[in-house]
Structure formats: C-alpha cells, structure tokens
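Enquirer: Sharing a sequence plus its predicted fold:
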Amino acid sequence: MPQRKIFSLIFLLCTVPLVQVYSQWDLSDTDVIVGAERMDAYFPLLRGKYVGVVTNHTSLVGNQHLVDTLLSRNIRIKKIYSPEHGFRGDVEDGAMIDNSRDTRTKLPIISLYGNNKKPTESQLTGIQVMILDLQDVGVRFYTYISTMQKVMEACAENSIPLVILDRPNPNGDYVAGPVLDMRYASWVGLNPIPVVYGMTMGELAKMINGEGWLKSESGQKLFCRLDVITCEGYTHSTEYDPPIEPSPNLPNYEAIRWYPSLSLFQGTSFSVGRGTPYPHLIYGHPEFEGPYSFTPVVIPGKSENPPHLREECHGEDLRGLEPEKFTLRFITETYKQYNGTDKYFNSYFRKLIGNGDTEEMIKQGKSYKEIEKTWEAGLFEFKEKRKKYLLYPD
C-alpha cells in the first residue's frame with residue numbers, strides 16, 4: 001500500500017491560490033505535510049492583503065477546505081477561481097462551467113474552464129496576491145497545469161504575486177512518453193514536456209518561468225513573481241495516494257497510476273470505462289473481443305454522455321494488477337486486434353500523445369517498444385533540463 005498521510009474525507013465545500021521557495025522536508029518522517037498545511041510559511045504573504053484563490057475540492061488542510069481555513073484566520077479572500085471540473089470537482093471532463101457564487105461563503109467563483117481559461121484584468125480587480133492549491137496527477141494532458149500556466153500569465157501581466165501551495169505528484173517517480181511537438185500544442189499540452197514529467201506543480205511552475213515559456217497573447221515573454229510553499233516529507237520516490245479523488249473519473253490511486261497510459265484511449269474509438277464505476281481501470285469496444293464486458297451508462301457529474309453509451313463493450317479489466325508506468329502497449333495491441341482499424345483513431349489522439357509520428361508508426365505496424373525508443377533523445381534532454389528546477393530529491 002502506498003504511504004499516505006491519513007486525512008478525513010469530511011470537508012466543507014468552500015475555496016483558495018501565489019513563487020520563491022520555502023523548503024523544509026524531513027526525510028525521516030514518512031508522513032507528507034502538504035504546502036497548504038504549512039500555514040506559518042505562507043500566512044505572512046497574505047495578511048493585510050486581498051486574496052484570490054485558485055482551488056477546487058482537493059484543497060484540503062487536514063479535514064477542512066483551504067478557503068474555510070483562510071477565512072477562519074481572517075485572511076481576506078476576495079474571489080475564488082476554479083479549473084476544469086469546477087470548484088467542487090463534480091463536473092465531468094470537458095463540460096462548460098459558468099461563473100457563480102459559493103452558497104456557503106457568498107464569494108464569487110470565476111470559472112477558468114470553457115471560454116474563459118485565463119483570468120481577465122477585470123476578474124483580477126482588487127486582487128493583491130493569488131494562491132493556487134490543486135492536486136495534480138503529473139500528466140501533460142491533465143488540465144490543472146494548463147490552468148496554472150494561464151493564471152501565471154495573468155498574474156505576470158497584472159503584477160500580482162502568485163503563491164503555489166505544493167502537493168505531491170502521485171506519478172512523480174518517473175519521466176516517460178514523447179516530449180510535446182509544439183506543432184500539436186493545445187489546452188491538453190502547452191509546453192515541450194513529456195506525457196509523464198515527474199514534477200510537482202511548484203517545480204513545473206519554476207520551469208515555466210525559467211525556460212521562458214510564459215508569454216502574453218502577443219508573444220512577449222513574461223515572468224511571474226512566484227513563491228512555492230513546498231511539501232515536507234516528500235521525495236519523488238514517495239508513493240503518494242491523494243486523500244480525495246483529483247477529478248470525477250480518477251476514483252482512486254490505482255486509476256491515477258493507470259491514467260497516463262489508458263487515457264490515450266480517449267483518442268480512439270474505444271471506451272476507457274467512463275460511465276462505469278471503474279474509469280481508467282478498464283477498456284473495451286462493442287466490436288472487440290476480450291474477457292471482460294461492461295456497459296457505459298449516464299452517471300451525473302461524472303459521465304453525462306460517455307462513449308458507447310448503453311452499448312456492451314468487450315475488453316480488459318486491469319483492477320488488481322500492478323499498474324505499469326506509461327506505455328503504448330495497450331494502444332498498439334488493440335489497434336492490431338481490432339477489425340475496424342480505419343475507424344480506430346480520432347483527431348484527439350495526436351493532441352494527447354503530442355505529435356503526429358506516433359499514430360503513423362502504429363499504423364505501420366511498429367511495436368510499442370520500437371516507437372518508445374524514438375522518444376529517448378527528447379526524454380534525455382528534458383531530464384537534464386528538469387534537474388535545474390527540482391525542489392525534492394528523486
């Protein structure tokens with residue numbers, strides 16, 4: 001079982017988000033203390049200021065939401081900003097989210113998903129410091145890091161310091177996959193990083209600043225004033241099971257570990273188990289042969305219109321198996337075995353994998369090992385670059 005700090009899953013649904021580095025990890029302590037719990041390190045940055053918070057349901061301080069924690073200590077929160085899945089994490093992938101007001105605190109909630117992925121100047125009016133606290137999973141196409149980058153841009157443009165309350169990366173123990181070809185940059189991949197990049201959000205934010213990837217709409221390079229409040233007791237080899245699911249279709253640690261590989265099925269005609277209790281733990285297709293069968297249905301807040309809705313799919317059940325590190329094996333094997341290869345890929349696959357070559361090599365019949373070998377040079381270069389920005393030992 002992965003080591004974890006025991007948290008209560010009872011929490012109040014309220015809100016919170018700013019990089020210089022405050023680092024005090026104690027490797028003799030097996031428990032992890034997340035950045036949000038290190039209030040002595042970041043409260044001095046907030047007191048007497050109007051605060052904006054980029055947050056969602058994962059922003060826990062013990063058994064209490066970060067917003068409640070800040071408000072109870074007289075921190076002046078002015079606005080809440082929420083990423084994909086919404087403030088409470090109960091909106092399915094890709095669903096449009098409107099601005100709203102939190103029923104408990106009456107604070108305005110600005111949605112940073114849909115047509116408004118970056119805070120506008122008017123939405124930042126009155127904000128003197130921004131805090132960001134989100135539980136990421138360390139995969140390039142998981143959009144919390146895209147939200148972070150757009151918040152960094154907006155803060156840089158409006159001279160607002162950003163404090164990132166760092167959290168462990170549950171896929172932070174390795175680096176794998178192709179480095180993004182910037183010709184395929186999109187909301188699910190903004191920077192030349194691999195599919196699995198082995199960094200926390202705080203470390204990645206430092207890289208975004210340091211590599212000059214932060215730019216205005218006109219292409220001008222920006223620099224975000226950044227404070228990272230690091231975790232204590234965490235290294236990149238720590239097995240970290242988040243105390244609450246990061247998003248609706250990542251129900252547990254097992255799914256989080258399979259996610260980098262199985263999420264690629266979203267770029268194909270196959271189901272990855274959305275509309276079942278086991279997303280990212282199973283996969284299949286109505287016209288495929290496999291030992292396991294499942295039928296996707298509507299699950300409000302998780303899968304309103306899943307692929308192959310109410311169709312019986314056949315494939316594989318990976319529950320109970322040791323999750324593999326990122327691999328193309330499932331994609332290459334199902335492509336070869338599936339009769340409708342001309343209908344296998346959709347346009348989303350190239351955005352997810354981050355290039356056009358991989359799909360072509362799969363169609364040519366190359367093995368997953370042959371394809372993965374072509375990524376080695378890019379991975380080596382990225383790993384060397386990554387070393388400059390690490391805040392925790394590997």
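Expert: Received it, and whenever you're ready, just let me know what you need.

Enquirer: dump the residue contacts of Ser263.
Expert: 139, 141, 272, 280, 352 (Cβ atoms under 8 Å, 6 or more residues apart in numbering). For the C-beta atoms, the positions are set from N, CA and C on the backbone; glycine is no exception.

Enquirer: Of these, just say which sits nearest to Tyr174.
Expert: Nearest to Tyr174 out of the contacts of Ser263 is Val139 (Cβ to Cβ; 11.6 Å).

Enquirer: how about the nearest residue to that closest one, chain neighbours excluded?
Expert: Pro260 (4.9 Å; Cβ to Cβ, 6 or more residues apart in numbering).

Enquirer: need the strands for this protein, in chain order.
Expert: All strands of the chain, identified by DSSP state E, fall at 21-22, 50-55, 60-61, 64-65, 76-82, 100-101, 108-111, 129-133, 162-165, 226-229, 282-285, 292-294, 313-317.

Enquirer: I'd like the ones you listed as CSV, with mean pLDDT and distance to Tyr344 appended.
Expert: Converted to CSV, those look like this (pLDDT from 0 to 100; distance: least, Cβ to Cβ, whole Å):
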stretch, mean pLDDT, distance to Tyr344
strand 21-22, 42, 45
strand 50-55, 97, 37
strand 60-61, 93, 40
strand 64-65, 91, 42
strand 76-82, 95, 35
strand 100-101, 72, 39
strand 108-111, 91, 34
strand 129-133, 98, 38
strand 162-165, 98, 39
strand 226-229, 98, 42
strand 282-285, 98, 9
strand 292-294, 98, 19
strand 313-317, 98, 14
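
Enquirer: wait, which of the ones you listed is closest to Glu333?
Expert: Nearest to Glu333, of all these, is strand 313-317, at 9.5 Å by Cβ to Cβ.

Enquirer: Now do the closest one: distance to the chain's middle.
Expert: Centroid separation for strand 313-317 versus its chain: 26 Å, with Cα atoms, centre = their mean, to the nearest Å.

Enquirer: Tell me how this structure divides into domains.
Expert: Per automatic domain parsing, the structural domains of the chain span 21-244, 253-355.

Enquirer: So for Leu391, which of these sits nearest?
Expert: Using Cβ to Cβ, the domains of the chain put domain 21-244 closest to Leu391, at 5.3 Å.

Enquirer: picking that back up, I'd like the strands of the chain as JSON lines, with mean neighbour count and distance to Ser218 appended.
Expert: Converted to JSON lines, the strands of the chain look like this (neighbours: other Cβ atoms under 10 Å; distance: least, Cβ to Cβ, whole Å):
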{"stretch": "strand 21-22", "mean neighbour count": "16", "distance to Ser218": "30"}
{"stretch": "strand 50-55", "mean neighbour count": "26", "distance to Ser218": "24"}
{"stretch": "strand 60-61", "mean neighbour count": "24", "distance to Ser218": "38"}
{"stretch": "strand 64-65", "mean neighbour count": "23", "distance to Ser218": "37"}
{"stretch": "strand 76-82", "mean neighbour count": "22", "distance to Ser218": "23"}
{"stretch": "strand 100-101", "mean neighbour count": "12", "distance to Ser218": "31"}
{"stretch": "strand 108-111", "mean neighbour count": "19", "distance to Ser218": "23"}
{"stretch": "strand 129-133", "mean neighbour count": "29", "distance to Ser218": "22"}
{"stretch": "strand 162-165", "mean neighbour count": "30", "distance to Ser218": "21"}
{"stretch": "strand 226-229", "mean neighbour count": "24", "distance to Ser218": "22"}
{"stretch": "strand 282-285", "mean neighbour count": "27", "distance to Ser218": "43"}
{"stretch": "strand 292-294", "mean neighbour count": "16", "distance to Ser218": "48"}
{"stretch": "strand 313-317", "mean neighbour count": "20", "distance to Ser218": "47"}
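
Enquirer: would a markdown table of those strands with distance to Arg38 be doable?
Expert: What follows is those, written out as a markdown table (distance: least, Cβ to Cβ, whole Å):
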| stretch | distance to Arg38 |
| --- | --- |
| strand 21-22 | 7 |
| strand 50-55 | 16 |
| strand 60-61 | 10 |
| strand 64-65 | 15 |
| strand 76-82 | 18 |
| strand 100-101 | 30 |
| strand 108-111 | 25 |
| strand 129-133 | 11 |
| strand 162-165 | 8 |
| strand 226-229 | 6 |
| strand 282-285 | 38 |
| strand 292-294 | 43 |
| strand 313-317 | 40 |
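
Enquirer: Go through these and name the closest to Gly210.
Expert: Using Cβ to Cβ, those put strand 226-229 closest to Gly210, at 10.2 Å.
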